[in-house]
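Peer 1: let me see the structure of the following:
(chains A and B)
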Amino acid sequence: MMGGPLEPLFDVEEMELSFGPQHPSTHGVLRVMLKLDGEKIMDAKPIIGYLHRGTEKLFETEPFPQCIPHTDRLDYVAAATNNQGFVVTMEKLLGITIPPRAAYIRMILAELGRISSHLVWLATHAIDLGAITPFFYNFREREEILDLFEAYCGARLTLNTMRVGGVPFELPDGWVDQCSDFIDRFPKHVDEYEQLLTGNRIWKRRTIGIGVISAEEAIEMGLTGPPLRGSGVKWDIRKVFPYDHYDEIDFEIPVGSNGDTYDRYLVRMQEMRQSARIIRQCLDRLPEGPVMAKVPKVLRSPEGMVYASVEGPKGELGYFIVATPKGTTPYRCHVRPPSFINLQALPEMVQGLLVADLVAVIGTLDIVLGEIDR
Amino acid sequence: MQAPLIQFIVIPIVKIVVILAVVLLVVAYLTFAERKILAYMQVRLGPNRVGPKGWLQPIADGLKLFAKEDLIPAKAEKAVFMLAPAMIMVPALLAFSVIPFAPATDLFGLLPKAMPPYVTDINIALLFVLGISSIGVFGIILGGWSSNNKFSMMGGLRSAAQMVSYEVPMGFAIIAVLLMARSLSLVKIVEAQQAAHLWFFIPGILALGIYFICGVAETNRNPFDLPEAESELVAGFHTEYSGMKFAFFFLAEYTNMLVVSSLATIMFFGGWLQPFPNVAWLSFLGVIPPVIWFAVKVACFIFVYMWFRGTFPRYRFDQLMQVGWKWLIPLSLANLVIVGVGVLLVKG
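Peer 2: Residues are numbered from 1 along each chain as shown, chains lettered A, B, ... in the order given. Next up is the predicted model:
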């Protein structure tokens, strides 16, 4: 699979096709330059940068707490884990331990975010492959999650819902019941989606054996999240480097075996069920107490460099912060976005496939251009 | 006026105008039906703002498309680009000239003698419809090619390959009906089913399946909607079309659905015949006029079309060819042998 473009069989003229940046299936403003032999992809080159907003540079000008809203705009379909990544890194830098209740609320929000991100992935992935109905079922459930977010912090998409030292608000009255009610129903809804797709012959033919990536290649390219686990590697930051209180929660890491689009689909479907299980446990064990640790009004950093990461819905989301003594802003803040690194597998995965498979592979990588371009 | 003038000029023209008007109206409301049915399958309401419960939506859509700017890309092949929508719409409508939707009637005594309501009944009607409908593919190929857009061209190429390979098993499936009815005239086919007291879908269940699958592929509908695959080719062959030219492609698709469903009704479900004519306690069904029976049967097929769209993902190009050549053609040939032997045993 690795290596240069395939040699065409006959003396043919290759067609160059600019797939995107305005294309419904590139999930944002991704542009893929294709070299086609008929419908066969000889070479694919992703071109990025159409959504670059200079977020990492902006971090350098903002006081630490004000960096958090910028993280919302990275992976904008799962803002909670972005916040979590940044505050976990800051807490590591400043040596702050957060109260258990805050950690549990964070886990609940992050897992809700993971479910909603996977719902958006499934909806768009299915539409790319021509199945339009799952989209509406997915968005029906996503709506309930967004309502939960709105009830908690007032925002639905760009949440800005975590602080260095905890979370900003106590859970509002009735929120636990509302969330609990949703989580109890949710696995049944996942059954509905699976009924439409999992056993469907056309769905299987479109996904099995498409975009295969072996475990070794996946590790070599630094893939994380479902694209890595779909190839059979049991790697999840929540288990291997637990943050917040994931070490107290009982959950499994679903893995695939073939590393194809179908296995990644199954992995994400299982992850939604596992997330529901995590939220269930968090709600049951929710400890009493404050939701915010004692932190100074103005955060001043010690000198140092720190890297910490969380398991985002797309993979390992890491923040690398360089701090100056008594600084109020990061000297440098680098984001390790999972989508950016997962995207580099695209040319390898689509080589020799057809144009129709390209949209399947882009869908299965589950990229968000917000965090690729930053 | 002289009698031949009335018989050969006036009456056909009146029929043509009425049938065209009805077909176009039905087609317009098919788009509405599709949106509503899909909406209810997808936990939403569908169009419900224009007119009572959204019933004027197709009219509003038509007006909107008329008012839209009619854009022709600068580097398009202008003449072909203009011709393509007509080349797909005209054959689709032409097929209705031979589709018998009801037997000869005197309109409850309004006419002096019973007269067939369809335009004409020619003895090669089936062949005519098949021939006419394969002209439609030129509209798609030329539309895709003349747009001078790579996505459109790929859509055009896909549809060329698709239509050619699916017309073969479709033809074989139709031959099975032919063997049973021993006529190419659509009216005769219905009458043969009446005489046999048996609708052909019972002996021809396999032929029905093959015919309908091919019909779905011929009309470029999900799961075979590759030529216009929204998520890959961004509407494929009609990407560059706007206004009424786009509307022609859109309406032609629905008209073709109607043609395929009508043919399926005529060939396999007894056309305008009522079910169970000889069961005494169901004799009240005879009150319902034949044209309603025809419409109900066609509507069932149309519903299946929409059901497909709400349920299935899309095939990939090579898989579509595999299904056509490796499954449908051998299956339709086998079916032909089975039906042939059956006909020989029963009639011979």
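
Peer 1: contacts and neighbour counts: CA atoms only from here.
Peer 2: Will do.

Peer 1: where does the stretch 1-150 of chain A have low pLDDT?
Peer 2: Flagging of the stretch 1-150 of chain A using pLDDT under 70 yields the residue ranges A:1-12.

Peer 1: change it to 80
Peer 2: A:1-14, A:20, A:24-28, A:38 (pLDDT under 80).

Peer 1: repeat that for the stretch 1-150 of chain B.
Peer 2: Filtered on pLDDT under 80, the stretch 1-150 of chain B yields the residue ranges B:1-8, B:102-120.

Peer 1: enumerate the residues of it near chain A.
Peer 2: Applying Cα under 8 Å from any Cα of the partner chain, we find that the stretch 1-150 of chain B lies next to chain A at B:Met41, B:Gln42, B:Val43, B:Lys150.

Peer 1: wait, the first one touches B:Gly310, no?
Peer 2: Yes: the pair B:Met41 and B:Gly310 qualifies as a contact (Cα atoms under 8 Å) at a distance of 6.9 Å.

Peer 1: list the residues that contact both of these two?
Peer 2: A:Thr133 (Cα atoms under 8 Å, 6 or more residues apart in numbering or on different chains).

Peer 1: what subset of the residues of the stretch 1-150 of chain B next to chain A is buried?
Peer 2: The neighbour-count criterion (16 or more other Cα atoms under 10 Å in any protein chain shown) marks B:Met41, B:Gln42, B:Lys150 among those as buried.

Peer 1: next up, the contacts around the last one.
Peer 2: Translated: B:Lys150. Residues counted as contacts of B:Lys150 (Cα under 8 Å, 6+ apart) are A:Leu17.

Peer 1: again, but for A:Val190
Peer 2: Going by Cα under 8 Å, 6+ apart, the list of residues near A:Val190 reads A:Met269, A:Met272, A:Arg273.

Peer 1: any idea of the pLDDT on the residue in the stretch 201-348 of chain B that chain A sits nearest to?
Peer 2: Taking Cα to the nearest Cα as the measure, the point where the stretch 201-348 of chain B comes nearest chain A is B:Pro313, at 4.0 Å. Looking at B:Pro313, its pLDDT stands at 88.

Peer 1: which of the three states applies to it?
Peer 2: Following DSSP: H, G, I helix; E, B strand; the rest coil, B:Pro313 is assigned to coil.

Peer 1: wait, doesn't it sit right on B:Arg221?
Peer 2: No: applying Cα under 8 Å as the test, B:Pro313 and B:Arg221 come out as separate, 11.2 Å apart.

Peer 1: more neighbours, the two?
Peer 2: Comparing B:Pro313 with B:Arg221 by other Cα atoms under 10 Å in any protein chain shown, the one with more neighbours is B:Pro313, at 28 against 22.

Peer 1: contacting residues for that one?
Peer 2: Listed by Cα under 8 Å, 6+ apart, the contact set of B:Pro313 reads A:Ala126, A:Ile127, A:Leu129, A:Gly130, A:Ala131, A:Ile132, A:Ile202, A:Trp203, B:Asn222, B:Pro223.

Peer 1: now the buried members of those.
Peer 2: Members of the contacts of B:Pro313 classed as buried by 16+ other Cα under 10 Å are A:Ala126, A:Ile127, A:Leu129, A:Gly130, A:Ala131, A:Ile132, A:Ile202, A:Trp203, B:Asn222, B:Pro223.

Peer 1: state the mean pLDDT of stretch A:176-185.
Peer 2: For stretch A:176-185, the mean per-residue pLDDT is 91.
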